[in-house]
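**Student:** one predicted model, sequence on top.
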Amino acid sequence: IFQECERIWEKSDLLRACTVQKPTYQSDNCFIKFKPANGYASSTITAIPLSDGCLSKALVLTNDRISYIEDFLPSGYLEQTEYPLLGQVKGEDKFSDVSYVWSNGFGKTLKITTRCGYSVEGTQNHPIRVFRNGEITWVRLDGVLDTDLLPIDRRMAWHQGTSNITEEDAYMAGLITGDGCITNKYKIRMATASSEIAATFSSYFQNTYGKSPSRTDKYHLDVNGIKIRQDFMNRLGIFFVRTNEKRFPKEIFKSEKHKVASFIRGLFDTDGGFYCGKKDGYRSGTVGFFNTSKILIDQLQSILLLFGIVSFVIAKKDRSEKWEVCYNLYITGPDVEVFYKQIGFGISEKQNKLEKFVTSKNRSYSVRDMLPNSVSSKVLDLLDTFPSIKERSIGLRRQHLPKGISYSKLSAFVNECARLEIKDKRLDYLTDLLDRGYFYDSLVSIEFSSAETFDLYVPEDHTFWANGFISHNSKIRGSRFYTIACDEFPHIPEEVF
């Protein structure tokens, strides 16, 4: 955009004669300032980029599958070319029609990562939702501040797509993705110390392929056969081979929710577990999953949000430098119960332990159930304005509110206001935050990088869910076209936006 404006200025003798100086550059635009004339003050022409930016490796939820944006492009696609896309995508408030998808090409990007490990990478001018000064607003990636909170959308949602695989296929894919090995083209190997997993593995291949696995030692079972291995991989859409390349099979992405839950159950039955400890005088429970594949962990963390589950990820390098980094995903607090209801374990020992914890009366507190501190001030204001609200009757303590308020306490407060028929704009604000149910995470890092970026155009809603973040869409944005808008013009054509 800078080069184009300078080219116009240099080629126009009249423009140079009428302006104060050559174009002035800013971070996302440039402008030309005109000389005052005939008693009128100076005015400017501003060059506005049409781009809203694009994202890299962003999982989205459409009406028929979970997918990366780039997977909607045809093979041999061209950069900055619109490819029509039929269907809908999950946005900020609903599923909306998508018009087309494209690649913006390879370029500089910014990757932001939250304290819990959620991340999104895109061009520097790509807008996402942030919570700033008590409001949810749009901010470009290069404008995100370390004081901002990032809303992570964990509202349950799913697509209407179907797959040809069974729930048993999905569970077996989870077991093999977790503790299996398909590196050898002649066999599928399962490593396990669990008699339940060994029995399930054996019965599945006997019933599906008429082939019983052979036990090579105490912990390993092999299913031999090139055709069996290849058929299983093709049916499930498994294309990874090495451990650190593990990821969700493509067939799982377009499967029904209960089948995806079955796949995730298989993952947690192998490389996961439930751990119960004691913290601050209360028993606490944690569901964990551990793997060396960063891609698998990122996909799992994002997809768990669609089940209403928030998790956090910690990277660790155990034992020695020769070992690969292990990514530990943890589910704590109220999300443990959501995991129990939505997914659970298939192994009886793990599931029984989890069920005993969930059905007990142990406290399940988590900071991930808290709203931003500024929300508490609205509640305090309403308590001062309406003395009829008795905070103790709904479990509120005024002296605790400056430290924050949980969703459960806010829900009780809003319901009490509704019972008292209180009408107030501040209450509307609180109700909207409650309905959205976002998890507000803090920023932990901003990294400069480079990658190929992609985008969707959603003409009605202009938003889409991407890795849990609320992202703004584009139109001809991303392709390098620009418009000149003058401040004297009272109207900018609608098609510009």
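**Tutor:** Yes, it's here. The model shown is predicted, which means the values in this text are computed figures rather than measured ones.
**Student:** just the helices from this structure, written as ranges.
**Tutor:** Using DSSP state H, the helices found in the chain span residues 2-11, 13-18, 167-179, 195-209, 226-236, 250-253, 257-271, 294-306, 334-342, 348-359, 373-385, 407-419, 425-436.
**Student:** least confident secondary structure element in this structure?
**Tutor:** Lowest mean confidence among the helices and strands of the chain (mean pLDDT, DSSP states H and E): strand 482-486, at a mean of 41.
**Student:** below-threshold pLDDT in the stretch 351-497 of the chain: ranges please.
**Tutor:** Residues of the stretch 351-497 of the chain meeting the criterion pLDDT under 70: 361-367, 474-497.
**Student:** before we move on, what's the pLDDT of the spatially closest residue to residue 111 that is not a sequence neighbour?
**Tutor:** Take residue 111 and drop its neighbours on the chain: the residue closest to it by C-beta to C-beta, 6 or more residues apart in numbering is residue 121, 3.9 Å away. Glycine gets a C-beta too; all of them are placed from N, C-alpha and C. pLDDT recorded at residue 121 is 97.
**Student:** so for residue 108, which of the helices of the chain sits nearest?
**Tutor:** helix 2-11 (14.9 Å; C-beta to C-beta).
**Student:** same question for the closest one, mean pLDDT?
**Tutor:** 76.
**Student:** enumerate the positions of it that are buried.
**Tutor:** 5, 9 (16 or more other C-beta atoms under 10 Å).
**Student:** sorry, back to before: turn the helices of the chain into TSV, columns for distance to residue 456.
**Tutor:** Putting the helices of the chain into TSV (distance: least, C-beta to C-beta, whole Å) gives the following:
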stretch	distance to residue 456
helix 2-11	26
helix 13-18	37
helix 167-179	27
helix 195-209	38
helix 226-236	27
helix 250-253	17
helix 257-271	22
helix 294-306	17
helix 334-342	27
helix 348-359	38
helix 373-385	31
helix 407-419	30
helix 425-436	21
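**Student:** how about the contacts made by the residue nearest to residue 111?
**Tutor:** By C-beta atoms under 8 Å, 6 or more residues apart in numbering, residue 121 lies in contact with 55, 56, 57, 58, 109, 110, 111, 112, 449, 451.
**Student:** dump the residues you listed to CSV, plus distance to residue 23 and neighbour count.
**Tutor:** Formatted as CSV, these follow (distance: C-beta to C-beta, whole Å; neighbours: other C-beta atoms under 10 Å):
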residue, distance to residue 23, neighbour count
55, 30, 31
56, 30, 23
57, 35, 20
58, 34, 25
109, 26, 22
110, 25, 20
111, 31, 17
112, 31, 22
449, 29, 10
451, 30, 17
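**Student:** nearest to residue 169, of the residues you listed?
**Tutor:** Once C-beta to C-beta is applied, the member of these that ends up nearest residue 169 is residue 57, at 26.5 Å.
**Student:** might one say that the closest one is in contact with residue 71?
**Tutor:** No. Judged on C-beta atoms under 8 Å, residue 57 makes no contact with residue 71 at a distance of 10.7 Å.
**Student:** how many residues are close by residue 468?
**Tutor:** 26 (other C-beta atoms under 10 Å).
**Student:** brain fart, residue 73
**Tutor:** Neighbour number of residue 73 under other C-beta under 10 Å is 17.
**Student:** and what of the one 3 residues further on?
**Tutor:** Here the number of neighbours of residue 76 (other C-beta under 10 Å) works out to 5.
**Student:** hang on, the earlier thing: what's the closest of the helices of the chain to residue 84?
**Tutor:** helix 250-253 (21.2 Å).
**Student:** if you count neighbours, what's buried in the closest one?
**Tutor:** 250, 251, 252, 253.
**Student:** tell me the contacts of the closest residue to residue 354 other than its chain neighbours?
**Tutor:** Leaving aside its chain neighbours, residue 354 sits nearest to residue 274 (4.6 Å; criterion: C-beta to C-beta, 6+ apart). Residue 274 is in contact with 285, 286, 287, 288, 345, 350, 353, 354, 357, counting by C-beta under 8 Å, 6+ apart.
**Student:** just list whatever residues bridge to residue 111.
**Tutor:** Bridge pairing for residue 111 (DSSP bridges) gives the partners residue 121, residue 447.
**Student:** test my guess that it contacts residue 124.
**Tutor:** No. The pair formed by residue 111 and residue 124 falls short of the contact definition of C-beta under 8 Å, at 10.8 Å.
**Student:** list residues touching both of those two?
**Tutor:** In contact with both residue 111 and residue 124: no residue, using C-beta under 8 Å, 6+ apart.
**Student:** with distance to residue 419 added, can I get the contacts of residue 274 in TSV?
**Tutor:** Listed next are the contacts of residue 274 as TSV, based on distance: C-beta to C-beta, whole Å:
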residue	distance to residue 419
285	34
286	37
287	36
288	41
345	40
350	42
353	40
354	36
357	34
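**Student:** quick one: which of those is nearest residue 92?
**Tutor:** Taking C-beta to C-beta as the measure, residue 92 lies nearest residue 287 of these, at 28.7 Å.
**Student:** show the contacting residues for the residue lying closest to the closest one once chain neighbours are set aside.
**Tutor:** Using C-beta to C-beta, 6+ apart and skipping residues adjacent in sequence, the residue nearest residue 287 is residue 331, 4.1 Å away. Going by C-beta under 8 Å, 6+ apart, residue 331 touches 286, 287, 288, 304, 309, 310, 311, 339.
**Student:** separation between the fifth one and residue 67?
**Tutor:** Separation of residue 309 from residue 67 (C-beta to C-beta, to the nearest Å) stands at 20 Å.
**Student:** show me where pLDDT drops low in the stretch 51-200 of the chain?
**Tutor:** 51-53.
**Student:** which stretches in it count as strands?
**Tutor:** 55-56, 59-61, 66-68, 83-84, 88-90, 95-97, 100-114, 119-122, 127-132, 135-140, 149-152, 180-181, 187-191 (DSSP state E, counting those that start in this stretch).
**Student:** got the contact list for stretch 393-401?
**Tutor:** 376, 379, 380, 383, 391, 405, 409, 412, 413, 415, 416.
**Student:** same list, these, but as CSV with neighbour count please.
**Tutor:** Compiled in CSV, those are given as follows (neighbours: other C-beta atoms under 10 Å):
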residue, neighbour count
376, 20
379, 24
380, 15
383, 16
391, 18
405, 25
409, 22
412, 17
413, 23
415, 12
416, 18
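**Student:** show me the one of the strands of the stretch 51-200 of the chain that comes nearest residue 217.
**Tutor:** strand 187-191 (9.7 Å).
**Student:** how far out from the middle of the chain is the closest one?
**Tutor:** Taking C-alpha atoms, centre = their mean, to the nearest Å, one finds the center of strand 187-191 at 32 Å from the center of the full chain.
**Student:** doesn't residue 258 make contact with residue 162?
**Tutor:** No. Residue 162 lies out of contact with residue 258 (C-beta under 8 Å); the separation is 11.4 Å.
**Student:** residues contacting the nearest residue to residue 462 once chain neighbours are set aside?
**Tutor:** In space, residue 462 comes closest to residue 473 once its chain neighbours are excluded; the distance is 5.1 Å by C-beta to C-beta, 6+ apart. By C-beta under 8 Å, 6+ apart, residue 473 lies in contact with 52, 455, 456, 457, 458, 461, 462, 463, 464.
**Student:** mind listing what the fifth one touches?
**Tutor:** Shown in contact with residue 458 (C-beta under 8 Å, 6+ apart): 89, 91, 96, 97, 98, 99, 464, 473.
**Student:** and for the third one?
**Tutor:** Contacts were defined as C-beta under 8 Å, 6+ apart; by that measure residue 456 touches 60, 69, 85, 89, 98, 100, 101, 464, 473, 474.
**Student:** 10 Å - rerun?
**Tutor:** 54-55, 58, 60, 62, 69, 72, 85, 89, 91, 98-102, 463-464, 466, 471, 473-474, 478 (C-beta atoms under 10 Å, 6 or more residues apart in numbering).
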